[in-house]
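> sequence and computational prediction follow.
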Amino acid sequence: MKVLVDNGHGSNTAGKRSPDGTHREYLWARQFADRLVGVLKSLGIDAERIVTEDTDVSIKERCRRVNAICKTLGAKNVLLVSIHNNAAGSDGKWHDARGFSSHVSTNASSRSKTLATCLAEEVSAHGIKVRKYLPKEPYWTQNLGICRDTNCAAVLTENLFQDNREDVALLADNAFCNKLACAHAEGIIKYIKKTL
């Protein structure tokens, strides 16, 4: 199985930061994507980032890159996880919402839903708060281009809130980020075992 890790947004994307400016989503997502790829490779899983640029790469181009790999390897042999931070508002103020969530697109395949469920379960098992859409539905459904227009199982993870003080402190903590990366990796492994 080939695992593709997408780090959304770029250094030139407006907003996408904590109200005090100490946290930048584009930078954290790139560092976390590298961390996750490293964990997966250490477990013998073929993984790579699809965006190596620091500036924003369009969703269309990111999807093109993913689908080119799907065409070569077969869509069932590829999965995509897009890494992001959430925000409760766009007003530049601190908010109370906290936690992790996994998201699929409105046209999500059963494989995407399984991957999203596995990720949410493993993050929760690591003691990290998971926000669920419904008690029995551990993922959120949205019209997400990176998930909608890719041919493989695809999930977007929102890794805590960049406009919550406690979450921003966790996102800056190396031990927490290691735990979060391990949770992602174990969710991916769980998915692979379920879909073999």
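Structure's in. What do you need?

> which parts of this protein are helices?
Remark: helices assigned in the chain by DSSP state H are 25-42, 59-73, 110-125, 145-148, 165-171, 174-195.

> out of those helices, which comes closest to residue 97?
Closest to residue 97 of those, according to CB to CB: helix 165-171, at 8.5 Å. Where C-beta positions appear, they are placed from N, C-alpha and C, glycine not excepted.

> ok, back up a step: tabulate the helices of the chain (TSV), appending distance to residue 89 and mean pLDDT.
Compiled in TSV, those are given as follows (distance: least, CB to CB, whole Å; pLDDT from 0 to 100):
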stretch	distance to residue 89	mean pLDDT
helix 25-42	14	97
helix 59-73	23	98
helix 110-125	23	98
helix 145-148	22	98
helix 165-171	14	98
helix 174-195	23	98
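
> mind putting these into TSV with mean neighbour count?
Converted to TSV, the helices of the chain look like this (neighbours: other CB atoms under 10 Å):
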stretch	mean neighbour count
helix 25-42	20
helix 59-73	16
helix 110-125	21
helix 145-148	21
helix 165-171	18
helix 174-195	18
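
> what would the ones you listed look like in a markdown table with distance to residue 138?
Shown next, in a markdown table, are the helices of the chain (distance: least, CB to CB, whole Å):
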| stretch | distance to residue 138 |
| --- | --- |
| helix 25-42 | 19 |
| helix 59-73 | 24 |
| helix 110-125 | 4 |
| helix 145-148 | 16 |
| helix 165-171 | 19 |
| helix 174-195 | 11 |
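
> ok, which of these comes nearest residue 155?
The closest of these to residue 155 is helix 110-125. By CB to CB, the value is 4.6 Å.

> which neighbouring elements make contact with the closest one?
If you count contacts as 3 or more CB pairs under 8 Å, 6 or more residues apart in numbering; DSSP states H and E, helix 110-125 packs onto strand 78-86, strand 100-105, strand 139-142, strand 153-161, helix 174-195.
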